Each structure stands twice: as structure tokens, then as C-alpha cells.
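Visitor: what's the 3D shape of this:
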Amino acid sequence: MNRIVAIARLQALGRRDAVLWPVGILTIAICTNLVVFASISDSVQDQPVTGALASIYIATMAFGAVAVTQHLPFALGLSVTRREFTAGLALFVTAQTIAYAVLLVLLQSIEDATGGWGLRLRMFGLGFLDDYSPPVQFAMYASPLLFMAVLGAAFGTLYARWRVNGVLTGVAAAIVLPGGAAALIGYLHRWPDVAHWFARTGPVALLAGWPLLLALLLGGASYLGLRRATP
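Guide: You can find the predicted model right below:
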């Protein structure tokens, strides 16, 4: 266990960029939205919702990929096993996810307290999250963050195992599989059933439960790929 913790600390020390850049990108997105909507505040009637929140999720996925492609060869050179590398990375990603989720809950509280940053602007919470307690909000932020980090690591695993062909195959699968499923649902006229399932499932399960389950499954599949990956 001490060795796994040491690997996680090595990830943190060697990946300050992975910790700081997502927060920096989120800060840039927030400031950009504030400047833009402050300049047009007189013409805004309703409470606008921006896409600033998505920036930290996208950055987290990107650095999940970097964690594998750049640090796996270095770790293997230090005689770290693939299992130890995976466990250390999982520990680091979990801590990173917790920190980011706490930050997002705090930013949502600030947004609510300031009436949308003084501009009636909605960047966090997206309205329905205000109906839940802070611990539930934390889970609804954290699970998608964890999934995006694992998704990035999965693409990094594809590169480590099969190089560019693996990544492009993964991208193709990410397009074809959902598109094919949507076409099949439409062909079978099942979209009302899908809508009913989403309504019955509810936001908590959709944002906290399912992303966590998918992250665990994808993480397990990524570990299987890393077992055969070569630097």
C-alpha cells in the first residue's frame, strides 16, 4: 500500500499541470462568460445558462489520457508494475475528482449567493441541482468527473496498447455505437420508452449512479489493456 501511495504522490508531483490546468481552463471560461454577458446585460431577459462547466470535464479527460501516455513509460522504467501504476493512478484520480467536485459545489454556492454573479448568469447547478443537498450535489459533480478522467485514461490505454490505430478505432466506436443505437431505437419506435426511462430514473441516478458504474467498468477494461501495453 505504501508503494501505491508513493506512486500516487509521484503522479501528483509530476502532474501539477494536470491539477492546475483544468482549474485554470475553468477560470478562463468563467471570466470569459462574465465579460461577455456583462457587456450585453441590458439585452438579456431570462437567466442564461452557459457551457463554462463543461470546460473542467473536458480538461480532466484530456489529462487522463496524458497520465497514461506520458507517465506509464516512466513508471515502468522505475520497475513499477502495471498493477501498481494503475492503483496509484486510480488513487490520484480519485483525490483529484474529490477536490474538483468540492470546488464546483463551492462555486455553485457562490453563484446562488450572488444571484448569478450579479448578472443572473447560470454556470453551475443548472437549476435542478439547487433542489438537492450539498452531499448529493457533490456526488452529481464527482461521478461524471471520475468518468471523464477514466475515459481519458482509456484512450491513453488504447494509444499505449495499439498506438494511433487504437485511438482512432476508439473514436470511431464512440461515434458508431451511439449512432447505431439511436438508429435502432428509432427504427423500433422506442424513443417514448427511452424518454420514460430517463424520467423514471431521475437526475441523481443519471448523474451520480450511472457515470460511476460506467467509470468502474471502463477502468477495469483499461487495466486489462494496460497489462499488455508496451512503452
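Visitor: Now do the buried residues in stretch 148-168.
Guide: For stretch 148-168, burial by neighbour count (16 or more other CB atoms under 10 Å) applies to 148-162, 166-167. For the C-beta atoms, the positions are set from N, CA and C on the backbone; glycine is no exception.
Visitor: So what touches it?
Guide: 57-58, 60-69, 72, 89, 93, 96-97, 169-170, 215, 218-219, 221-222, 225-226, 228-231 (CB atoms under 8 Å, 6 or more residues apart in numbering).
Visitor: and it, how far out from the chain's middle?
Guide: From the chain centre to the centre of stretch 148-168 is a distance of 15 Å (CA atoms, centre = their mean, to the nearest Å).
Visitor: and what of stretch 32-42?
Guide: The answer for stretch 32-42 is 27 Å, by CA atoms, centre = their mean.
Visitor: what's the average pLDDT for that stretch?
Guide: Averaging pLDDT along stretch 32-42 gives 85.
Visitor: Could you pull out the buried residues of that stretch?
Guide: Within stretch 32-42, the residues scored as buried using 16+ other CB under 10 Å are Asn33, Leu34, Phe37.
Visitor: so of the contacts of stretch 148-168, which ones are in helices?
Guide: The helices, defined by DSSP state H, take in 57-58, 60-69, 72, 89, 93, 96-97, 169-170, 215, 218-219, 221-222, 225-226 from the contacts of stretch 148-168.
Visitor: circling back: for Pro135, state which of the buried residues of stretch 32-42 is nearest.
Guide: Pro135 lies nearest to Asn33 out of the buried residues of stretch 32-42, by CB to CB, at 27.3 Å.
Visitor: Residue ranges in this structure under the pLDDT threshold?
Guide: Along the chain, the model assigns pLDDT under 70 to residues 1, 3, 6-7, 9-18, 44-45, 231.
Visitor: Could you rerun that using 80?
Guide: 1-19, 41-47, 78, 125-128, 230-231 (pLDDT under 80).
Visitor: Which stretches in it count as helices?
Guide: With DSSP H, the ranges of helices along the chain come out as 2-14, 16-39, 53-77, 82-113, 134-187, 191-201, 203-204, 210-226.
Visitor: and the gap between the residue of the chain most remote from its centre and Tyr159?
Guide: Centroid-distance maximum for the chain: Asp42 at 34.4 Å, with CA atoms, centre = their mean. Per CB to CB, to the nearest Å, Asp42 is found 49 Å from Tyr159.
Visitor: for Pro73, same thing?
Guide: 11 Å.
Visitor: what's the answer for Asp130, then?
Guide: Separation of Asp130 from Tyr159 (CB to CB): 40 Å.
Visitor: Leaving out chain neighbours, which residue sits closest to Ala38?
Guide: Spatial nearest neighbour of Ala38, excluding adjacent residues (CB to CB, 6 or more residues apart in numbering): Leu119 at 6.1 Å.
Visitor: list the contacts for that neighbour?
Guide: Here Leu119 is in contact with Leu34, Phe37, Ala38, Ser41, Val44 (criterion: CB under 8 Å, 6+ apart).
Visitor: Going by distance to Phe124, which of these wins?
Guide: Once CB to CB is applied, the member of those that ends up nearest Phe124 is Leu34, at 12.9 Å.
Visitor: can I assume the closest one is in contact with Glu111?
Guide: No: between Leu34 and Glu111 no contact is recorded; they are 11.1 Å apart, counting by CB atoms under 8 Å.
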